[in-house]
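Colleague: with the input below, show me the fold.
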Amino acid sequence: MNDSRKMKVVRAFGVGLALGVLLHAMGWAQVPDPLAGVPASPTVAASAPDQLPAAPPVAATSEAAPVVKNCAPLTDSAMALDLKVATQMQSMAVADQIKSVEESIRLWTEASLQCEGKARDRARRNLSEDVKLLDKLSEQSNSGPQCESGHKDAASMQDLARQALSERRFMDAASLFRKAEDAWDIASERCIGTQQEVAHRRREQSSVDGHNAEYCAPVFELARDHTLKYRNVPGGMPREEKQDLAMGVETLWRDAINRCKGPVVDTAKTQAQNLARERGTPWGSRYPAGINPPKPIPVLTAAPMGALANGAPVAAAPAATGTMAGLTSVLSSIGAAVTSSVKSSVTSLTTSSVSLATPEALTSASAPKALPGQPIAQAPEFVVGTVRYLGSFTKDPQTGEFSGVGKLTWANGDTYDGALQAGQRHGKGMFVWVNGQSFDGQWHLDKPAPDKAVVKFANGNHYEGATVDGIPQGEGRMRYASGDSYEGQLQAGSPQGVGVYVWKNTQRYEGAWVQGRPEGRGKLRFANGNVYEGPVHQGAPHGEGRLAFPTGEVYTGQMVNGAPGGVGTFDWPNGDRYVGQWKAGKKHGQGVFTWKNGARWEGVYDQDVQAN
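Modeller: Next up is the predicted model:
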């Protein structure tokens, strides 16, 4: 028997022995067991259900089972071989990997026989993993050296791309990822079976990574940097400035949502939703100071109809991107895009050229023909770039902009349902953000009109009333997710002016508000029935006022942080009266107490007790 055949026999016997050990441990009695005759461990001996022993105490579990003397050396040797293969897999030849794994299988097999308890379970688990690895390596070896070389080249290119990405050399990373994509494509052509599937998957991943490196990473990093700046703003920053700052950071994250692919999109969505929830006001597209909107992702598409009149090829028009740069940029760029209707018969495009198409091919088959210069009726449903239209729309042949009534859906999940005029939201319409926030009201030239509207916030708050730039401002009513409600004047989404706030526990305040807090004169009815009328500071009675109790007592005088303090008069319903000094709600200092029968005491009180 030659050496090659001997190796195959030894390999087959070793794998068979390993499989036998595993199947025996699993209790598959119908499979021939190479270890027949080896006595079964008492811990796995079969028992009838009614003969099972009682559960052993914790200290007597299999983890504490004794280990045979040769178990530890076998385990250490096998683990060292596994570590060698794992750390040197990229540089080690497949044939050398196979030899190492075969030796590791032999050692784990011996350990499965020599060890007991937890150590034996560990050996069997590693044995199973090495058997799987050997199958994979054998298949890779059968694919030939060209397959192995293709995998190594593609993996090396991918590593270089990741290194460039970690160094924030985004354009270099994008180029390298695309080269890695091609290298994995070559590898898939040279391999078979599992190795071919691996090459396919890594090719797809390289494609996503290349896109993200060029279009996603710059915006994502910018959003992350500005998020850190936002989190570190000084506490004294005015509310309006902080809201504008949060809105700018959210705009960057929304850009990332539409420019990224893969799991990173979920991260961007979470960041945008957190900012919206914290801010509590509708989002409007705006960028942080000094930041310009990113360039749209180029999309190859057919040329506009008018450009093909002389039959000469023209450059492809940029399609609408639907990015979070804001609806203004999205809708204004729709005119440069060509309808890609579901029923369109446009010739399919390749990445190397732009196919010419006739005007008939560029128009939906269901859309009626229009006279020159007249608006072109669109199909009930069509797509432009990443925006889907559903409704009754027409297209201006000169500007390419759409008008009509219907629903627009962006790739990130945002929707607009209402009137569109010349590519802008204009008239009655409802915009719903992917985080659940919505604005339902009048629009003017793509912006919320200063009119009454219904605004639902991502945090569950609900507002009906006047708005400015989509933010509650003026007279309106806010119902909070907590169960509280406010009706009155607002500014930048917060109570400001005069209004009534009712808490969930029935407490009620009617009066002046400043920056979301009771401030000025007002009337406060507590949940316990107490009623206060007078000045309020920082949300608490403070100043000269009147506090009436449901039991008939009345206090008139100075209040400090919600309790009698200073000089005041307290009248009991039976006719008793105290006039004097107070501190933290108690008689404290010089005062006069007069009883209803005319008796009188004058002196000093200390925490409600007569001191002299």
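Colleague: next one: stretch 454-469 to chain centre, how far?
Modeller: Put simply, stretch 454-469 sits 22 Å off its chain's centre (C-alpha atoms, centre = their mean, to the nearest Å).
Colleague: and it, end to end?
Modeller: By C-alpha to C-alpha, to the nearest Å, the extent of stretch 454-469 from end to end equals 13 Å.
Colleague: got the buried residues for it?
Modeller: 455-459, 461, 463-467 (16 or more other C-beta atoms under 10 Å). To be clear about C-beta, it is placed using only N, CA and C from the backbone, and glycine gets the same treatment.
Colleague: out of those residues, who's nearest S100?
Modeller: Proximity of those to S100 (C-beta to C-beta) peaks at A458, which lies at 55.1 Å.
Colleague: still on that earlier bit, a markdown table for the buried residues of stretch 454-469, including distance to A540, pLDDT and secondary structure?
Modeller: Shown next, in a markdown table, are those (distance: C-beta to C-beta, whole Å; pLDDT from 0 to 100; DSSP: H, G, I helix; E, B strand; the rest coil):
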| residue | distance to A540 | pLDDT | secondary structure |
| --- | --- | --- | --- |
| V455 | 30 | 92 | strand |
| K456 | 32 | 91 | strand |
| F457 | 27 | 89 | coil |
| A458 | 31 | 84 | coil |
| N459 | 26 | 85 | coil |
| N461 | 24 | 91 | coil |
| Y463 | 26 | 93 | strand |
| E464 | 29 | 93 | strand |
| G465 | 27 | 93 | strand |
| A466 | 29 | 91 | strand |
| T467 | 31 | 91 | strand |
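Colleague: which one of these is nearest G522?
Modeller: G465 (20.5 Å).
Colleague: which residues in the stretch 351-500 of the chain form strands?
Modeller: Taking DSSP state E, counting those that start in this stretch, the strands of the stretch 351-500 of the chain run over residues 376-377, 381-384, 387-395, 402-409, 415-421, 424-432, 438-444, 447-456, 462-468, 471-479, 485-491, 494-502.
Colleague: show me the shaky parts of the chain.
Modeller: Scanning the chain for pLDDT under 70 picks out the ranges 1-69, 139-144, 298-373, 612.
Colleague: how near is the residue nearest the centre of it to N412?
Modeller: When C-alpha atoms, centre = their mean is applied to the chain, the residue found nearest the centroid is T270 (2.3 Å). Distance from T270 to N412, counting by C-beta to C-beta, to the nearest Å: 13 Å.
Colleague: now for Q507, how many residues are close by?
Modeller: 15 (other C-beta atoms under 10 Å).
Colleague: check contacts around M559.
Modeller: For M559, the contact set (C-beta atoms under 8 Å, 6 or more residues apart in numbering) comprises 532, 534, 541-545, 547, 565-566.
Colleague: if we use 6 Å, what do you get?
Modeller: Going by C-beta atoms under 6 Å, 6 or more residues apart in numbering, M559 touches 541-542, 545.
Colleague: so which of those residues comes closest to K242?
Modeller: For those, the closest approach to K242 (C-beta to C-beta) belongs to H542, at 26.7 Å.
Colleague: so what's the closest one up against?
Modeller: By C-beta under 6 Å, 6+ apart, the contact set of H542 is M559.
Colleague: show me where the stretch 101-250 of the chain has helices.
Modeller: Along the stretch 101-250 of the chain, counting by DSSP state H, counting those that start in this stretch, helices occupy 117-143, 145-166, 170-190, 193-211, 217-231, 239-259.
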